[in-house]
Structures are given as structure tokens and as C-alpha cells.
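Asks: Okay, sequence plus prediction incoming.
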Amino acid sequence: MIVPIMVWLTITMPLWLSPFRPALVSYIILGYLLYFFYKTVKTVYYSTISYRLMKRAEKVNWLEWAQEDKTFPYINHFVVIPTYRESEEKLSKTIDHILDQNYPKDKIHVILAMEEREGEAAKEKSIYLTKKYGSVFAWFSASFHVLTENEVIGKASNVTSAMKKVSEYIKKHQIITENTIVTVCDADSLLPSSYLSYVTYKFLNDPDRKYRFFWAPVLLYNNFWKLPLPVRMQTIMSSVARFAYLSQRDELIQISTYSTNLWLLEEVGYWDTDIIPEDWHIYLQAFFKFGEKVKTIPIYLPIMRDGVLAEGLFKTLKLRYSQERRWAWGASDIPYAIVKFFDSPHINPIVKLKKILFIFEVHFLWPTSFFLLTISASIPPLINPSFKRTVLGFLLPKLSSFILTAASIFLVIMVYFDYKLREKMNIKTPLRNVPMLFIQWYFLPVISFFFSSLPALESHTRMLLGKKIEYKVTEKV
């Protein structure tokens, strides 16, 4: 309840504190605006670094580099695809990209992590896909997760069920656990052809390889021009932010589709099956067991995914809202991390505190940013008319407007990176759509409110009131 309470106190602060301490409110708002400006500059700076490193990575023959290591022949890859009600066509497209990997196919194993509750449709898909791909990989199989009493519906419980089947396979075929790399690949994630080779090279050349996660930026561009404007803008912001995040190695935690070592998964007992957001949580499970040796290593080859798209505009917007709300439920990792802080005396407390503060920052700013950036600066002079006649009261709205205008200049650079990233992914921009790439940013405040801050605020409020959300697979037609 702590984080949601702090969120609500921050959002309403200009209302309840301005009558008594309007200057303090103003300084807090200005401080946040300056911090937002810093974060904007930081995003642009790291986007530049990530883009340069991506161009360099594209020129490397990662398979050739990996094969120079004498232990290369002993590395096995297992790709786990959690799926629920995805079509055979969508799954085939994902598996085709695994098949296109420039990596020995006799070292690639694929398992479809399916849900028993999907019924006969899941079994029919598994039979069809096994018949189609069973002979081209070292192993192709499916698991059918049966939800138990202490589990919640979601990716975590599903992939845990699948990985237990993988572990049985490993033992039966006497494959070395430490030499087994597991990739959790979302059902619409299209892996670049050098992904497994790149991960293998980084894995083999890391002395602490057993404690690593590997993550490539997941860009939501696959159906870009089919998306309605609000969803398309959200995919741009999300994709560019993830891309910038990639080169911030000290803060990097994997998202969505990622790879790690089977030994590490077995050591932490796989994914906790009573949680919804699994990617940051599995990182925290490993971190609080093994400490600062656990790190996420960047892979500078983008992965393509779909943006939210359903039949009809209203349903698409509703599903996008629900998806953001589910992601914001990741704030539940904060109390988990706080409990683990006191439960892990073997880890440097400063290191643990920095990790908790980083997670807190992300989830605290998520629902509060819109309010602090847009309307907060105008409230103190309205609530306290005498404050309006002071120098600070007069300057506050003007300073707020100036800082936001200065920050918005960097949006031009973000538009450029968005364009270049889509160009690299062969997502062409029709000439008639070029003006819209600039005009759409005028809608950013409204879209940020309805599809970022508001769903996050609802998610936090549900935590405060003890009302859980249910994991629902996001439709992508």
C-alpha cells in the first residue's frame, strides 16, 4: 500500500499543501520538471549510443566469433514460446524466425508453453506445428499448463510448467545444465537471424555467465501502420525508450523476450507462479539470491513485436489500456524487493538499496508524471491567490512552460530515431504519412494521460484497495 499512497499524495499535493506552503509545492514541481528535462536529455543521449552500437553489431558475424570458443559445440538453446489462443499463422511466423537463425539447428530446441484451459484448440495447434517443425529442430514439443490452487493465470506460471518439462528432457538426455541457454520468446516476437549466435558469444565470453540475463530491445513495429493513432504513438514512445534503456547497463533489466541460463532458473526455482509481471520479477529472484553478479547483458539486435490491435477501434483502445494497467502492476515487485532486502544479509545493502530505488522510481513516476508535468504548476496560484502576487507565484507557470518547451525540442530527435529504427526493420513510411509523424505529437499529453498515467493510476489504486487484476492475453490480429 505504501507506493499507491505516495502516488496519490503526490498527485493531490498541490491541492492540500498549497494553502499552507505554496512555495514548497512550487519548488517540488520545478524540481520534478528539471528532473524530467534531465531524463529527456538522458534518453536522447543513450538512444544515440544504442543506435551506434546496433550499427556496429549488425556488421559482426556472431556465429563465427562464437565458434572460436572450444566449448561452442556443447551449448544448447531451448526457446520457450508461451501462448494462449494465438493463431497457427502467428505462431508459425514466430517459429519461422527461429528456424531462420544462423545457428546449428541440431542445437535448437523449441517448446510451446500452452494452457490446458484453451481446450482442444491448443492440442490441435500443437499437433499441427509439431508435424510442421518437428523434423527441423533438435526437439520440438508442447507443454499444457494446468492451473493449480496457489497459481495465478499468466506467463510466469505457464513458462514454469514448460521449463519443468525442459529440465526433465535435459536430465534424460544428459545435457549439461550450465551449458543450456533458455530464451523466453513471446508468441509474436520475431527474433533477428543472429540473435542466438550473439547471445552464445556473449555467454561464452563472460566469466560469470551463469548469473546473466540477455536482452535485445523489443520494438513494437511489426504492424505499425495498421495501428490507430493513440496506440501507434504509444508504440513509438515505448520502442524508443526501450532502445535508449538498452545501453544503460547499470540499470538494465530485461523486458518481455529474453535469454538466460537454465542453471540459474533451476537455482531460483523457476518463476514465482503467484505473480503477473514475470520479467523484472525473475531478475529480482536471482538478484536477491546471488547479489550483484546477476546482471542483464544488452544484445544490440532489435526484436520485432506487434502493437495492440483488435477488431474495431474501441476494442483496440480498451485492450491497450488493459495492457498498460497490467504492466503497471509490476509495482508489486517493490514490496517483494523490500522484504528480500532484509532477507539477504549476504548482499551489500547499498547495492540492494540502489536496485529498490530504481524500481521505485520507474513505478512512482509512471502514474504521477502527467499530473506533475501538465496541471500542477497552475494550481498553487489558484488555490492560494496571495501566492500569485509573489515573484515565485508569477514565475512558476512561465518556468514550467519554458522547461517543457525545451524538453519538447528533443522530441524531434526521438522522431528521427523512431524513423531510423523502423527503416532498419523494413517498416516503410509512405510519403503521405510523413506529416502525421510530426502532427501526432500535439496529441501526446492526452494520449499519455489515457494510455499511460491513468491505467497505471488505476493499477496502483487497485493495489491500495486490495483488488487484484487478472492476466489477459492482449489481442493482436
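Replies: Okay, I see it. Numbers count the residues shown, from 1 in each chain.
Asks: remind me which residues of the stretch 201-350 of the chain are low pLDDT?
Replies: By pLDDT under 70, the stretch 201-350 of the chain has no low-scoring segment.
Asks: which residues of it fall in strands?
Replies: Ranges of strands in the stretch 201-350 of the chain, per DSSP state E, counting those that start in this stretch, are 212-215, 218-219, 258-261, 295-298, 303-304.
Asks: Would you point to the one among these that's packed deepest?
Replies: Comparing the strands of the stretch 201-350 of the chain by mean neighbour count (mean count of other CB atoms under 10 Å), strand 258-261 ranks first with a mean of 26. Just so you know, the C-beta spots here come from the backbone N, C-alpha and C atoms, and that holds for glycine as well.
Asks: before we move on, the earlier item: JSON lines for the strands of the stretch 201-350 of the chain, including distance to residue 181?
Replies: Converted to JSON lines, the strands of the stretch 201-350 of the chain look like this (distance: least, CB to CB, whole Å):
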{"stretch": "strand 212-215", "distance to residue 181": "8"}
{"stretch": "strand 218-219", "distance to residue 181": "18"}
{"stretch": "strand 258-261", "distance to residue 181": "6"}
{"stretch": "strand 295-298", "distance to residue 181": "12"}
{"stretch": "strand 303-304", "distance to residue 181": "16"}
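Asks: Can you name every helix or strand that the host helix or strand of residue 456 contacts?
Replies: Element membership for residue 456 (DSSP states H and E) is helix 454-465. Secondary-structure packing of helix 454-465 (3 or more CB pairs under 8 Å, 6 or more residues apart in numbering; DSSP states H and E): helix 2-17, helix 313-328, helix 349-374.
Asks: what residues does that helix touch?
Replies: 1, 3-5, 7-8, 11, 321-322, 324-326, 328-329, 331-332, 363, 366-367, 370, 468-469 (CB atoms under 8 Å, 6 or more residues apart in numbering).
Asks: For it, the averaged confidence score.
Replies: Mean pLDDT, helix 454-465: 94.
Asks: Return the alpha-carbon coordinates of that helix using PDB.
Replies: The C-alpha coordinates for helix 454-465 follow below in PDB (Å, rounded to 0.1, in the frame of the first residue of the first chain):
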ATOM      1  CA  LEU A 454      -4.500   6.700 -16.000                       C
ATOM      2  CA  PRO A 455      -4.100   2.900 -16.300                       C
ATOM      3  CA  ALA A 456      -1.100   3.000 -14.100                       C
ATOM      4  CA  LEU A 457      -3.000   5.000 -11.500                       C
ATOM      5  CA  GLU A 458      -5.900   2.500 -11.600                       C
ATOM      6  CA  SER A 459      -3.400  -0.400 -11.200                       C
ATOM      7  CA  HIS A 460      -1.900   1.300  -8.100                       C
ATOM      8  CA  THR A 461      -5.300   2.200  -6.700                       C
ATOM      9  CA  ARG A 462      -6.400  -1.500  -7.100                       C
ATOM     10  CA  MET A 463      -3.300  -2.400  -5.000                       C
ATOM     11  CA  LEU A 464      -4.300   0.100  -2.400                       C
ATOM     12  CA  LEU A 465      -7.800  -1.300  -2.200                       C
END
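Asks: Now it: buried residues?
Replies: 454, 455, 456, 457, 458, 459, 460, 462, 463 (16 or more other CB atoms under 10 Å).
Asks: Which one, of the strands of the stretch 201-350 of the chain, ends up nearest to residue 157?
Replies: Checking those against residue 157 by CB to CB gives strand 258-261 as the closest, at 17.6 Å.
Asks: For the closest one, name the packing helices and strands.
Replies: Against strand 258-261 (3+ CB pairs under 8 Å, 6+ apart) you get strand 180-184, strand 212-215.
Asks: Neighbouring strands of the first one in the sheet, and parallel or not?
Replies: What it means is strand 180-184. strand 76-82 (parallel), strand 258-261 (antiparallel) (DSSP bridges).
Asks: Dig out what residue 80 forms beta bridges with.
Replies: residue 111, residue 184.
Asks: For it, the count of nearby residues, please.
Replies: Per other CB atoms under 10 Å, the neighbour tally for residue 80 reads 21.
Asks: my read: it touches residue 159, true?
Replies: Yes. The pair residue 80 / residue 159 is scored as a contact, 5.5 Å apart, by CB atoms under 8 Å.
Asks: Report the set of residues contacting both of those two.
Replies: Residues touching both residue 80 and residue 159 (CB under 8 Å, 6+ apart): 113, 184.
Asks: nearest to residue 192, of the strands of the stretch 201-350 of the chain?
Replies: Among these, the nearest to residue 192 by CB to CB is strand 303-304 (6.7 Å).
Asks: List of residues touching that closest one?
Replies: Under CB under 8 Å, 6+ apart, the answer for strand 303-304 is 189-192, 195, 216-219, 221-222, 257, 425.
Asks: Could you dump the helices and strands packed on helix 454-465 into JSON lines and include mean neighbour count and distance to residue 32?
Replies: Below are the helices and strands packed on helix 454-465 laid out as JSON lines (neighbours: other CB atoms under 10 Å; distance: least, CB to CB, whole Å):
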{"stretch": "helix 2-17", "mean neighbour count": "17", "distance to residue 32": "9"}
{"stretch": "helix 313-328", "mean neighbour count": "18", "distance to residue 32": "19"}
{"stretch": "helix 349-374", "mean neighbour count": "18", "distance to residue 32": "5"}
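Asks: how about those, which one is nearest residue 69?
Replies: helix 349-374 (30.2 Å).
Asks: For the very next helix or strand once past the closest one, name the packing helices and strands.
Replies: The helix or strand immediately downstream of helix 349-374 is helix 379-383, counting by DSSP H and E. With contacts defined as 3+ CB pairs under 8 Å, 6+ apart, helix 379-383 has these neighbours: helix 2-17, helix 22-58, helix 385-388, helix 391-409.
Asks: Including mean pLDDT and distance to residue 103, could those helices go into CSV?
Replies: Below are the helices and strands packed on helix 379-383 laid out as CSV (pLDDT from 0 to 100; distance: least, CB to CB, whole Å):
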stretch, mean pLDDT, distance to residue 103
helix 2-17, 93, 42
helix 22-58, 92, 16
helix 385-388, 86, 65
helix 391-409, 84, 43
